[in-house]
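**Student:** Here is a sequence with its predicted model. Questions after.
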Amino acid sequence: MAWNTEETRRRLKEAAVVEFAEHGLAGTRVERIAARAGVNKERLYNYFGDKEQLFNAVLSDELAKIAAAVPLEALRDVGDYAGRCFDYHVANPHLVRLLQWEALAYGDGAVADEEGRTAHYRRKVDAFRAAQADDVLASSPGAADLVFLVMSLSSWWLAVPQIARMVTGPEDVARRRAAVVEAARRMAAPGAEPR
């Protein structure tokens, strides 16, 4: 019987997402990933090299998924965009955790595919900058800062759920989403710049 390489890789990545989100790069064990995937751990090493390379492959895949699910071509409503980002994070809370683990593992040092990821974020900044030039968004804060602020608004609820609960009360996804949308619109509304 022929081995289905793509299916095996998929199962390993799915298992790795769960393990890395729960335990981080340092705390994850290859044996647990292989067992969860129902695959011999040697296959993991054959396909991905080592645990760090698997982590980078998993994170790269997850970032590609959000980029595809929440595209940004022309920005006409920053609140809608922030709301769609929030929705994605609510449905996929593991992405925020993977990014937190990446930060803990690498600090402010270089990360895998930093050049490609930076280019992706630059395209977002360019879209925000174009919206500022078209007076769709306020000219201040600058486009790069505004992109980062919108990313923070939409994901921080999932990054620190315990603080969100203590500050805002029991989880109410609809109320939190509405707050994200409104805050993004107010923060970026033309004419909202400080005087």
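**Tutor:** Now that the structure is in, tell me what you want to look at.
**Student:** and this structure, what are its domains?
**Tutor:** 1-58, 70-195 (automatic domain parsing).
**Student:** Of all the ones you listed, which one comes closest to A64?
**Tutor:** domain 70-195 (9.1 Å; Cβ to Cβ). For the C-beta atoms, the positions are set from N, CA and C on the backbone; glycine is no exception.
**Student:** Would you tell me which helix is longest in this protein?
**Tutor:** Longest helix in the chain by number of residues (criterion: DSSP state H): helix 5-27.
**Student:** same for that one, what does it pack against?
**Tutor:** On a contact count with 3 or more Cβ pairs under 8 Å, 6 or more residues apart in numbering; DSSP states H and E, helix 5-27 meets helix 30-37, helix 41-48, helix 51-69, helix 94-106.
**Student:** Run through the chain and note the low-pLDDT ranges.
**Tutor:** Applying pLDDT under 70 to the chain flags the ranges 1-3, 192-195.
**Student:** what do you get if the cut-off is 90, keeping everything else the same?
**Tutor:** Within the chain, the ranges that satisfy pLDDT under 90 run 1-5, 72-75, 108, 110, 112, 171, 190-195.
**Student:** which residues does the one residue sitting closest to the centre of the chain contact?
**Tutor:** Among the residues of the chain, the one closest to the centroid is L95, at 4.8 Å (Cα atoms, centre = their mean). Contact analysis of L95 by Cβ atoms under 8 Å, 6 or more residues apart in numbering lists 62-63, 65-66, 88-89.
**Student:** Let's see the ChimeraX selection covering just the buried ones among these.
**Tutor:** Selection of the buried residues among the contacts of L95 in ChimeraX, burial being defined by 16 or more other Cβ atoms under 10 Å:
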select :62,63,66,88,89
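**Student:** tell me the two of the contacts of L95 that are most distant?
**Tutor:** L63 and H89 (12.6 Å).
**Student:** among the helices and strands packed on helix 5-27, which is nearest M166?
**Tutor:** Taking these one by one with Cβ to Cβ, helix 94-106 is closest: 18.0 Å.
**Student:** Would you mind getting the angle between the longest helix of the chain and helix 94-106?
**Tutor:** 50 degrees (axes from the mean of the first three to the mean of the last three Cα atoms, to 10 degrees).
**Student:** Report the angle between helix 5-27 and helix 30-37.
**Tutor:** Helix 5-27 runs at 140 degrees relative to helix 30-37, counting by the same axes, to 10 degrees.
**Student:** Flag every buried residue along helix 5-27.
**Tutor:** Under 16+ other Cβ under 10 Å, the buried positions of helix 5-27 are 8-9, 11-13, 15-21, 24-25.
**Student:** which two from the residues you listed end up farthest apart in space?
**Tutor:** Top of the distance list for the buried residues of helix 5-27 (Cβ to Cβ): T8 and G24, 24.0 Å.
**Student:** circling back: so how far is the longest helix of the chain off the chain centroid?
**Tutor:** Offset of helix 5-27 from its chain centre (Cα atoms, centre = their mean, to the nearest Å): 16 Å.
**Student:** same thing with stretch 59-75?
**Tutor:** 9 Å.
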